[in-house]
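Engineer: no sequence on this one, just coordinates:
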């Protein structure tokens, strides 16, 4: 069974001061699109280099997760360090994911150029950083998800089969 982890990166959500909207938005989107049986793992962690790095390493190396989708921590504020943590974790960066997400997002919001999403591979795990807002998550996933099944195949991860009516 394919294992998918959804990691919300937010100081306020991790303290219970703010409702996590990004994580549930990702899971809803995936449940609508993916036909493969999947096990979902959810985490809410604080912003910061070590917190993000450590959970990504744990999910990849100990958990054997096939796909990790993070939400949050990709902006320019001082505590937004998800991309920096990614650089410490991945063995191969896939910059085309971030480029396409920003391009798709610019049609919705002019400040998309401030986003620093990226993607990369660690072992048999694909990690994709997504923005924190649910509407932006949908735009980004719609843009990049057609490449996800093939990428998982190339790295030897468990397969994901999307609904064929979603991406032609």
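Structural biologist: Nice, thanks for sending it over. What you see is a predicted model; the values in this text were computed from it and never measured. Numbers count the residues shown, from 1 in each chain.
Engineer: going forward, measure contacts and count neighbours with C-alpha atoms only.
Structural biologist: OK.
Engineer: What ranges in this protein fall below the confidence cut-off?
Structural biologist: Within the chain, the ranges that satisfy pLDDT under 70 run 168.
Engineer: Nearest residue to the middle of it?
Structural biologist: residue 69 (2.3 Å; Cα atoms, centre = their mean).
Engineer: what's the spacing between that residue and residue 130?
Structural biologist: Using Cα to Cα, to the nearest Å, we find residue 69 at a distance of 7 Å from residue 130.
Engineer: Now do the end-to-end distance for stretch 78-85.
Structural biologist: Stretch 78-85: ends 13 Å apart by Cα to Cα.
Engineer: Tell me which residues of that stretch come out buried.
Structural biologist: By neighbour count with 16 or more other Cα atoms under 10 Å, stretch 78-85 contains the buried residues 80, 81, 82, 83, 84, 85.
Engineer: what does it rub up against?
Structural biologist: Residues outside stretch 78-85 that contact it (Cα atoms under 8 Å, 6 or more residues apart in numbering): 9, 47-50, 52-53, 72-74, 116-118, 129.
Engineer: In strands only, show me those.
Structural biologist: Residues from the contacts of stretch 78-85 lying in strands, with DSSP state E as the criterion: 9, 129.
Engineer: With distance to residue 91 as extra columns, can I get the contacts of stretch 78-85 in TSV?
Structural biologist: Converted to TSV, the contacts of stretch 78-85 look like this (distance: Cα to Cα, whole Å):
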residue	distance to residue 91
9	21
47	22
48	20
49	17
50	17
52	16
53	13
72	21
73	20
74	19
116	18
117	16
118	13
129	15
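Engineer: Then residue 39 would be within a strand, right?
Structural biologist: Yes: counting by DSSP: H, G, I helix; E, B strand; the rest coil, residue 39 is found in a strand.
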